Each structure stands twice: as structure tokens, then as C-alpha cells.
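**Student:** sequence below, structure please.
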Amino acid sequence: MTVRRSAAALATTAVLLGVAAPAAVAAPSPSPSADLPAGLYGTTDPTYDGVWRQSLAFLAQKIEYVTPSTQAVDWLVGQQCDSGAFTSYRDASKPCDASTVMDTNATAVAVQALVEINQRREDANNGADWLKSVQNEDGGWGYNPGSPSDANSTSIVIGALARTGVPVNELTTKDGSTPYTALQSLAIACGEKDGGAFAYQPGKKGELTANMDATAASVLGLMGKGIASGTSNAVKDPSCTKGDDLSPEQSAQNGASFLADTLKKQPYLEQAPMPGAEESKPQPDYGNTSDAVVALAASGHADQAKASVAWLQKNGTGWAKQGGPAATAQLILAAHATGADARSFGGVDLVKQLNSMGPSPAATALPSPTPTGPQPSSGTDSDDGGLSLGWLIGIGLLAGTGIGFLLSMRGKKKQP
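**Tutor:** Residues are numbered from 1 along each chain as shown. I've put the predicted structure just below:
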């Protein structure tokens with residue numbers, strides 16, 4: 001996700017200037033703004049990540065039984081254009097027009113968030129329809145409509161479409177390409193250097209270079225899962241399967257194998273060097289490490305992520321607090337996926353920390369549903385398919401009343 005958002009910023013600039021964006025760029029350094037819109041999470045300039053951080057906050061809150069405020073949801077939906085697309089951030093008082101730069105990543109994450117919190121489903125479906133309309137001929141998606149497909153954008157769009165009930169494997173182009181084949185074309189073959197990993201995009205000569213963020217994203221995408229994926233049933237230790245006709249899930253397992261092998265060497269991933277930057281000591285990449293943890297758990301290998309979760313508990317909480325809503329949400333998602341307690345993660349209540357970064361939630365369930373309590377569903381495919389917290393409480397009260405009545409009648413029958 002770290003590369004995803006920083007690259008989105010450059011992609012927007014590239015579209016405006018008519019130049020191509022490289023795969024990874026230095027993240028912007030936003031500054032606090034005194035005129036932040038009401039309902040927005042975070043206190044930094046939202047130009048490049050407003051929709052992204054808002055949506056991640058919702059996804060993380062959902063799995064911890066926190067219902068975001070109406071004000072926060074309204075702000076997110078207010079960022080949507082009539083076409084269904086979202087931008088990274090826009091002045092909602094002005095209508096979208098031909099100069100508005102649409103963002104597939106922002107649209108996809110917003111769609112996932114609205115589906116997971118089970119609100120504004122019509123708006124989520126509108127976003128999914130727009131995403132389908134801008135699919136590239138190779139089956140994938142780029143950051144902006146018409147830009148070359150990349151692994152991260154394609155993966156997050158797959159997650160959004162899958163959560164809205166779209167049969168992703170049926171989204172074929174004229175030459176028969178699907179979103180899955182677009183991702184698989186970026187996989188490095190087993191037996192080669194970095195076999196199992198995924199590239200962000202092909203190089204100028206078609207070469208594929210392993211990218212950790214792209215690999216974690218592709219594992220989720222090829223399994224048809226969204227960002228807020230929990231733990232899948234454990235499968236055998238990940239391994240890299242050779243072959244030219246692999247299923248999407250086999251390719252996902254190859255990616256998981258690469259991530260697991262990389263994290264065996266050290267429990268965290270490192271930041272990729274920036275183009276033109278002077279050589280320096282590699283720095284830990286907390287965001288990509290969190291994403292790798294989620295990918296491993298979603299593919300049935302939560303046990304392979306235990307050391308990384310322990311490392312994040314010890315080292316990642318300061319990063320999350322400084323990084324704001326998106327970073328805090330990433331740690332919550334990693335904790336949830338592996339059964340760790342997000343309300344006591346390295347001694348920090350991440351849920352409370354996230355809630356404090358935006359409008360007061362409409363409802364908060366205590367105690368935490370993780371790691372041992374019941375898990376919330378991963379979303380619904382219709383507006384009335386899920387139960388709100390109020391319904392759950394009501395059902396509980398009715399059940400209690402019914403039990404009390406039965407016990408009362410039983411006592412009466414025992415009386416002489």
C-alpha cells in the first residue's frame with residue numbers, strides 16, 4: 001500500500017503533464033491543514049490520500065465492530081463523481097468534469113469500504129460499474145483510466161468487484177484476457193531468480209522485477225479477496241509450483257511462498273531504494289510488512305507471519321501513530337488476520353487510536369472481537385444481507401426474553 005499511494009500521486013501529476021509515471025516514487029510530505037473538511041480522518045493534507053485513508057479506516061473499524069459516523073460516511077460518498085469514480089481527493093463543492101483525474105485505486109478501496117460497512121450500497125455498485133467500464137484490453141487496470149495495467153491497481157480492483165458480487169473471471173476482453181491473466185502475466189516463474197514474486201509492471205524490455213508490495217497485493221487479487229481479508233483455512237507449507245498453465249490460486253500460492261521465504265530471513269520487509277537516491281542503509285517498510293502478513297494469512301499461512309506480527313508489535317506502533325489513519329488501519333488489519341488483539345497490540349489500543357483520528361463513531365462494540373471472540377462477517381452482497389449492531393443487540397434481548405419465559409413456564413409445570 002505504501003508504493004500504491006505514493007505512486008498514485010505521481011500518476012495524477014503524470015496525467016496532467018502528459019508523461020509516464022514510474023512504478024515507485026517518494027511519498028509526498030503533506031502538512032497539517034487548518035481547513036480540513038468535516039468528517040475526514042486524519043489531520044494532514046488529504047490531496048493524495050483522502051479517500052484512501054478514510055476507506056482504510058472504515059475497513060479496520062468494521063472488523064473491530066466499530067460503526068463509523070454518518071458524517072464520516074457522507075464525506076466519503078461526497079467524494080464520488082456521478083460516473084461512479086472517485087478521485088484521490090477533490091473539492092466536493094465543485095462538480096466533476098473533464099479535467100477531474102479519476103483514480104481506480106481510490107474508487108476500488110472506497111467500494112470495498114462501503115460494502116464492508118454495509119452502507120450506501122447503490123454508491124458502491126456505481127463505483128464497481130465504473131471500474132468495469134475502464135478495464136484495459138489486457139484484462140487489468142492502471143491508476144487512471146487508460147494508463148498501463150499494474151499489479152497493485154488490478155488487485156485492488158479485483159477485490160472491489162468481488163465484494164460487490166461481480167464474477168471476476170467472466171470479465172473477459174476481446175482477446176479473452178481476464179483480470180487474473182493480467183496479474184499472472186506479471187508473475188516471475190518458479191525456478192528463476194525471485195521465483196513466485198510479482199512485478200509491479202514490466203520493464204522497458206518486458207523484464208519482470210520482484211516488487212514486495214505488488215506481490216502481497218497480487219496474492220489477495222488472485223484469490224479474489226479484498227483488503228480486509230481474514231485468515232483462510234491453513235494449507236500445507238507454501239511452495240512454488242512450476243508450469244505455464246497455473247490456476248489463479250496456484251499463482252497466489254507461489255506469491256505467498258516468496259513472501260514466506262523472504263520473511264524467514266528477517267521478519268520485516270525493507271523499503272525499495274528510490275530512483276536517484278543516494279545509497280543508504282535499508283529501512284524497514286512497516287506498511288508492506290503489514291500487507292505481507294495479511295496476504296500470508298489470507299492464503300492460509302498465518303503461521304508463516306507470526307514472527308512478523310511480533311516484530312510489528314514491538315516496532316510498528318510508533319510508525320502507525322505518526323502515519324495516521326491509514327498506517328494504524330494497516331496494523332489493525334494485520335492483527336485481525338493473524339488473531340492478534342488490535343486493542344492491545346504492542347501495548348497500544350490501535351482501535352481507540354484510530355477512532356480518535358476522526359469523527360466519533362456511531363457505535364463501538366466492547367470488548368474486542370479479536371483474537372478469541374466471534375468474528376464479524378466479511379461483508380454482504382446486498383443492502384439487507386447483514387445485521388447491524390442494533391439488530392444483534394435486539395436479537396439478543398429477544399432471545400433472553402424467550403429463555404426467561406421458557407424457564408418461567410418450566411417452573412410452573414414443576415409446581416404441584
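**Student:** give me the spatial nearest neighbour of residue 306, chain neighbours excluded.
**Tutor:** residue 338 (7.1 Å; C-beta to C-beta, 6 or more residues apart in numbering). (C-beta placed from N, C-alpha, C; glycine too.)
**Student:** number of nearby residues for that neighbour?
**Tutor:** Neighbours of residue 338 under the rule other C-beta atoms under 10 Å: 24.
**Student:** same check on residue 344?
**Tutor:** The number of residues packed near residue 344 is 15, by other C-beta under 10 Å.
**Student:** quickly find the element holding the closest residue in space to residue 217 that isn't next to it in sequence.
**Tutor:** For residue 217, ignoring the flanking residues on the chain, the nearest one in space by C-beta to C-beta, 6+ apart is residue 155 at 4.0 Å. Using DSSP states H and E, residue 155 sits within helix 151-163.
**Student:** how about residue 131?
**Tutor:** Residue 131 belongs to helix 121-133, assigned by DSSP H and E.
**Student:** hmm, the residue nearest to residue 217 is touching residue 182, no?
**Tutor:** No: if you go by C-beta atoms under 8 Å, residue 155 and residue 182 don't touch, sitting 9.8 Å apart.
**Student:** can you report phi and psi for residue 186?
**Tutor:** phi -100, psi 10 (degrees, to the nearest 10).
**Student:** and it, how many neighbours does it have?
**Tutor:** The number of residues packed around residue 186, counting by other C-beta under 10 Å, is 24.
**Student:** let me see the contact set for it.
**Tutor:** 151, 198, 199, 200, 201, 202, 208, 214, 218 (C-beta atoms under 8 Å, 6 or more residues apart in numbering).
**Student:** identify the farthest-apart pair in those.
**Tutor:** The largest distance within those, taken as C-beta to C-beta, falls between 202 and 218 and amounts to 13.9 Å.
**Student:** neighbour count: those two, which is higher?
**Tutor:** Set residue 202 next to residue 218 and count neighbours by other C-beta under 10 Å: residue 218 wins out with 31 against 16.
**Student:** which element is the more buried one on?
**Tutor:** With DSSP H and E as the test, residue 218 turns up in helix 212-222.
**Student:** so residue 229 makes contact with residue 220?
**Tutor:** Yes: counting by C-beta under 8 Å, residue 220 is a contact partner of residue 229 at 6.1 Å.
**Student:** between these two, what contacts are shared?
**Tutor:** 294, 298.
**Student:** residues contacting the spatially most central residue of the chain?
**Tutor:** Of all residues in the chain, the one closest to the mean position by C-alpha atoms, centre = their mean is residue 227, 2.7 Å from it. By C-beta under 8 Å, 6+ apart, the residues touching residue 227 are 56, 59, 109, 112, 156, 159, 220, 294, 333.
**Student:** need the buried ones from these selected in ChimeraX.
**Tutor:** Command for ChimeraX that selects the buried part of the contacts of residue 227, burial taken from 16 or more other C-beta atoms under 10 Å:
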select :56,59,109,112,156,159,220,294,333
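**Student:** can you put the contacts of residue 227 in CSV and add distance to residue 177 and pLDDT?
**Tutor:** Putting the contacts of residue 227 into CSV (distance: C-beta to C-beta, whole Å; pLDDT from 0 to 100) gives the following:
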residue, distance to residue 177, pLDDT
56, 29, 98
59, 29, 97
109, 24, 98
112, 23, 98
156, 18, 98
159, 19, 97
220, 20, 97
294, 27, 97
333, 30, 97
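**Student:** and the residue nearest to the centre of the chain, what pLDDT?
**Tutor:** The model reports residue 227 with a pLDDT of 93.
**Student:** confirm it sits in a helix?
**Tutor:** No: per DSSP: H, G, I helix; E, B strand; the rest coil, residue 227 lies outside any helix segment and is coil.
**Student:** still on that earlier bit, helices and strands around the helix holding residue 131, which ones?
**Tutor:** helix 104-116, helix 151-163 (3 or more C-beta pairs under 8 Å, 6 or more residues apart in numbering; DSSP states H and E).
**Student:** out of those, flag the one nearest residue 317.
**Tutor:** helix 104-116 (23.3 Å).
**Student:** by how many degrees do the closest one and helix 151-163 diverge?
**Tutor:** On the basis of axes from the mean of the first three to the mean of the last three C-alpha atoms, to 10 degrees, helix 104-116 is oriented at 30 degrees to helix 151-163.
**Student:** helix 104-116: how far from the chain's middle?
**Tutor:** Per C-alpha atoms, centre = their mean, to the nearest Å, the displacement of helix 104-116 from the mean C-alpha position of its chain is 9 Å.
**Student:** got any ranges where this protein has weak pLDDT?
**Tutor:** Applying pLDDT under 70 to the chain flags residues 1-34, 273-279, 366-416.
**Student:** try 80 this time
**Tutor:** Applying pLDDT under 80 to the chain flags the ranges 1-35, 230-236, 272-280, 365-416.
**Student:** so which residues of it form strands?
**Tutor:** Taking DSSP state E as the criterion, the chain carries its strands at 66-67, 269-270, 284-285, 363-364.
**Student:** one step back: and the gap between the residue nearest to residue 217 and residue 80?
**Tutor:** Counting by C-beta to C-beta, to the nearest Å, the separation of residue 155 from residue 80 is 21 Å.
**Student:** and if you look at residue 44?
**Tutor:** 22 Å.
**Student:** got it, and residue 43?
**Tutor:** 23 Å.
**Student:** so between the two, which is more surrounded?
**Tutor:** Taking neighbours as other C-beta under 10 Å, residue 43 and residue 80 compare with residue 80 leading, 26 against 16.
**Student:** so what's the more buried one closest to, chain neighbours aside?
**Tutor:** Residue 80 sits nearest to residue 86 (C-beta to C-beta, 6+ apart), 5.4 Å away.
**Student:** residue 242 and residue 189 touch, don't they?
**Tutor:** Yes: the pair formed by residue 242 and residue 189 meets the contact definition of C-beta under 8 Å, at 7.0 Å.
**Student:** out of the two, which sits in the busier spot?
**Tutor:** The neighbour count for residue 242 versus residue 189, taken as other C-beta under 10 Å, is higher for residue 189 (16 against 11).
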